[in-house]
Every structure is written in structure tokens, then in C-alpha cells.
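# Give me the fold of what follows.
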Amino acid sequence: MLFAVSTFIALYNFTQHFPLYVTVAGLLPCVAGLIVVALLWTPDSRSYFSGHGASGHGATA
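Below you'll find the model as predicted:
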């Protein structure tokens, strides 16, 4: 949800007369959210969250 709101705000910033660095800085949360989503779709992450991966609370051996 937060990723969608951040993306909407970043797109809205492109329609306004803000300095370019402000508009580009508004894209940073979108890029971070996109990276997080991509990392959550990796096979290691998928197996961890389905209960077949690392044991414990995020501890790796």
C-alpha cells in the first residue's frame, strides 16, 4: 500500500514545477520499494516464508 502511494506521489511530482532534484528525490522511496518487492520474490525468500527455509526468527546457520 505504501509503495503504491509513494509511486502516485512521485508521478504527481513530475506534473508540478518542482526543481529536478526534488522530483528525483521523490523517486527514491519507489525504487526502494521496488527493490524490496523484487527481493521478496526470490526463491530463497519464498522458501523462508513458506516455512521450509531458515529455522528460527531469521537466524541463518
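
# shaky segments in the protein?
52-61 (pLDDT under 70).

# hey, where'd the helices end up in it?
Using DSSP state H, the helices of the chain run over 2-14, 20-40, 43-49.

# any chance of those helices in CSV, plus mean neighbour count?
For every residue, glycine as well, the C-beta is placed using N, CA and C. Converted to CSV, the helices of the chain look like this (neighbours: other Cβ atoms under 10 Å):
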stretch, mean neighbour count
helix 2-14, 13
helix 20-40, 12
helix 43-49, 12
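
# Distance check, the residue nearest the centre of the chain against Phe8.
Central residue of the chain (Cα atoms, centre = their mean): Gly33, 1.3 Å from the mean position. Distance of Gly33 to Phe8, given as Cβ to Cβ, to the nearest Å: 12 Å.

# Then Leu34?
14 Å.

# cool, and Trp41?
22 Å.

# same question, Ile35
Taken as Cβ to Cβ, the span from Ile35 to Phe8 is 18 Å.

# How about Leu34, nearest residue that isn't a chain neighbour?
Phe3 (7.6 Å; Cβ to Cβ, 6 or more residues apart in numbering).
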